[in-house]
Each structure stands twice: as C-alpha cells, then as structure tokens.
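A.B. asks: Mind looking at a prediction? Sequence and model below.
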Amino acid sequence: MPVIDAHSHIYPEKIAAKASDAVGDFYHVEMAAPVASADALMAACEGTPITHHLVHSVATTPGQVETINDFIADQCARHPEFIGFATMHQDYEDIEAEIDRAIKLGLKGVKIHPDTQKVDMDDPRLMRLYEVIEGRLPIVIHTGDYRYDYSHPRRLKRILRTFPKLVVDAAHFGGWSVFDYALEYLEDENCYVDTSSALEFLGPRRAVELARAYGVERVMFGSDFPMWNPATEYNMLAAMPFTEEEFEAITWHNVEHFIGQKIK
C-alpha cells in the first residue's frame with residue numbers, strides 16, 4: 001500500500017542548510033532536519049512505510065520562480081517517488097506562461113506561502129493565479145498563523161467561493177496555530193486539509209476530532225519536512241484511533257483525488 005507524504009519541502013544542496021535555518025528562524029523552532037535536501041528527505045524516511053512525497057519550495061522573489069520550478073522538476077526526474085508542485089510569486093510577470101511551462105515540465109500542482117511571500121492570499125495578483133489554474137492544477141496554500149493576517153482562513157473562504165472548481169489543500173489542518181478557528185471558516189467549504197505541523201500541537205484526540213469534523217475524505221497526511229521528521233509524524237498518525245479505511249484514505253486515496261492521479 002502506498003503511503004504518501006503530501007507536504008514536504010526540498011531545496012538544492014548548496015542552499016539546503018541555509019533554507020532549513022531560515023524556516024526555523026521564521027517559526028522559532030528547532031528543525032528536525034538541519035539540511036532540507038532531497039537526499040535528507042529520503043534518508044529520513046528510510047525504513048518507514050512512506051513511499052511517495054509531494055515536494056515543493058517557495059519563491060520569495062519573482063526571479064526565483066523559474067529556477068525553483070526547474071529544480072523541482074529535475075528532482076522528480078531523479079526520484080520517481082516524488083510528486084512535484086510548482087511555485088509562483090504574486091509579482092511574477094507572466095503567470096499563465098509559467099504555469100503552462102510547469103505543466104510541460106510534469107509538475108502536478110502549485111504551492112504558495114502567503115506569510116513568507118508577504119501577500120494576502122486573496123490579493124488580486126494571486127486571484128489571477130487561481131483563475132489560471134482552476135480546473136487544471138491543484139494548489140497547496142499555507143493557511144493560518146496567529147502572527148499574520150496574510151493567510152487567514154477567512155481569505156481562503158473568499159477564494160473558494162470565487163473559484164468553486166479550484167482544488168485546494170488548506171495546509172496545516174486549515175490554519176496553523178489557529179486550528180479550531182479555521183474549522184469555523186472551512187468546515188463546510190470545498191477544500192482539503194493536511195496534517196502537517198499540526199499533530200504535535202493538537203494531540204491524538206483533537207486531531208481525530210478535527211479530521212472527522214472536516215470529513216476524513218478531505219484529510220491528507222503531511223510531514224512538513226524539514227520542520228518535522230516524517231517517520232515521527234507517520235507514527236503519531238498511525239497511533240491514532242482511525243479505522244483502517246480512514247487511515248488508508250488519509251495516507252493514500254485522498255492524495256490521489258487531490259492530484260487527480262493514481263499512485264501505486
């Protein structure tokens with residue numbers, strides 16, 4: 001049975017340590033992996049049931065977009081167990097052309113992080129991105145942070161109502177650090193959520209309650225590597241009182257539905 005980690009970050013070897021440090025500084029946490037490279041991700045999962053990884057990175061300037069997309073595509077070519085998502089920046093000049101190029105590169109979706117990109121997720125520049133990818137590619141959107149308003153779940157609600165065919169993963173159980181608050185906005189909306197950067201904070205009972213409140217068919221397993229160790233995250237999830245059917249949905253089938261592709 002495949003087990004898919006739907007939320008992992010990777011960076012080129014030459015900046016992988018610096019990138020991990022930067023993420024740790026942003027969230028004021030000690031990173032599980034001091035080097036956020038593809039090889040480090042694979043090493044962290046050695047001996048675990050995890051078979052596939054949805055991988056991405058984030059462009060903090062428009063000039064990084066093409067380089068990152070090329071890097072993710074190259075890593076997917078080297079690692080058939082990787083499912084690559086493109087990046088985009090709100091100030092990138094020709095969003096449609098780069099999305100077309102990303103699709104030709106074999107990338108399966110898009111990832112954005114409004115907080116690190118310093119942009120409201122419902123900013124008109126990003127609304128153009130959603131218009132371009134609606135019905136074509138899914139998107140992972142970092143959602144929630146008590147320190148910022150850029151990624152507030154209410155903004156995602158507006159996006160989902162404006163683009164009803166947009167396939168969205170509201171990462172971190174719909175709202176990192178504001179999990180219960182996010183449920184108020186997103187419980188009845190048409191989006192997925194993932195478990196990344198959430199299980200340790202929620203604990204097993206609340207994590208199961210939230211999964212069932214959203215609907216288990218909307219929940220995907222994610223580790224948020226390099227912030228957390230994928231093996232540890234998987235073991236926490238596996239210890240929770242989900243049924244076998246629920247567990248397979250969270251670790252496998254829901255990701256297939258999200259990306260529109262069978263994984264064997």
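C.D. replies: Happy to help now that I have it. All values reported here derive from a predicted model rather than from experimental measurement.
A.B. asks: and stretch 161-170, how far out from the chain's middle?
C.D. replies: Counting by CA atoms, centre = their mean, to the nearest Å, stretch 161-170 is centred 15 Å from the centre of its parent chain.
A.B. asks: residues in contact with that stretch?
C.D. replies: Defining contact as CB atoms under 8 Å, 6 or more residues apart in numbering, one finds that stretch 161-170 is touched by 6-7, 127, 130-131, 133-135, 137-141, 143, 153, 156, 159-160, 182, 186, 190-194, 220, 258, 260. C-beta here means a position set from N, CA and C on the backbone, and glycine is covered the same way.
A.B. asks: can you pull the pLDDT of G24?
C.D. replies: Per-residue pLDDT puts G24 at 84.
A.B. asks: That one: which element?
C.D. replies: Assessed by DSSP states H and E, G24 sits inside helix 13-27.
A.B. asks: Can you show me the strands along the stretch 101-250 of the chain?
C.D. replies: Secondary structure of the stretch 101-250 of the chain (DSSP state E, counting those that start in this stretch): strands located at 109-112, 139-142, 168-171, 192-194, 219-220.
A.B. asks: hmm, back to that, list the buried ones in the helix holding G24?
C.D. replies: Buried positions in helix 13-27, judged by neighbour count with 16 or more other CB atoms under 10 Å: A16, A17, A19, S20, A22, V23, G24, Y27.
A.B. asks: now the next helix or strand after it, how far from the chain's geometric center?
C.D. replies: Using DSSP H and E, the helix or strand that follows helix 13-27 in sequence is helix 38-44. The chain centre lies 17 Å from the centre of helix 38-44; the measure is CA atoms, centre = their mean.
A.B. asks: hmm, back to that, please list only the buried members of the contacts of stretch 161-170.
C.D. replies: Buried by 16+ other CB under 10 Å: 6-7, 127, 130, 133, 137-141, 143, 153, 156, 159-160, 182, 186, 191-194, 220, 258, out of the contacts of stretch 161-170.
A.B. asks: hmm, who's touching the worst-scoring helix or strand of the chain on mean pLDDT?
C.D. replies: Between all helices and strands in the chain, the lowest mean by mean pLDDT, DSSP states H and E belongs to helix 13-27, at a mean of 88. Residues from elsewhere that reach helix 13-27 (CB under 8 Å, 6+ apart): 9-11, 30-31, 33-37, 39-40, 57, 115-116, 226-227.
A.B. asks: Show the residue spans covered by the helices in this protein.
C.D. replies: Here the chain has its helices, by DSSP state H, at 13-27, 38-44, 65-78, 95-104, 114-117, 124-133, 153-162, 179-186, 199-214, 230-238, 244-248, 254-259.
A.B. asks: CSV for these, including distance to F173?
C.D. replies: Below are the helices of the chain laid out as CSV (distance: least, CB to CB, whole Å):
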stretch, distance to F173
helix 13-27, 16
helix 38-44, 22
helix 65-78, 24
helix 95-104, 27
helix 114-117, 16
helix 124-133, 21
helix 153-162, 11
helix 179-186, 5
helix 199-214, 6
helix 230-238, 12
helix 244-248, 15
helix 254-259, 14
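A.B. asks: Look at V29 and say how many residues are nearby.
C.D. replies: Counted with other CB atoms under 10 Å, the neighbours of V29 add up to 12.
A.B. asks: Spatially nearest residue to it, not counting backbone neighbours?
C.D. replies: Nearest residue to V29 in three dimensions, chain neighbours excluded: M227, at 6.5 Å (CB to CB, 6 or more residues apart in numbering).
A.B. asks: Wait, the one you found touches P34, no?
C.D. replies: No. The pair M227 / P34 is not scored as a contact, 11.4 Å apart, by CB atoms under 8 Å.
A.B. asks: Between the two, point out the one with more neighbours.
C.D. replies: M227 (23 against 13).
A.B. asks: distance of that one from Y185?
C.D. replies: M227 sits 24 Å away from Y185, taking CB to CB, to the nearest Å as the criterion.
A.B. asks: repeat for R218
C.D. replies: Applying CB to CB to R218 and Y185 gives a distance of 14 Å.
A.B. asks: cool, and R206?
C.D. replies: For R206 relative to Y185 (CB to CB), the value is 18 Å.
A.B. asks: I am finished for the moment; much appreciated.
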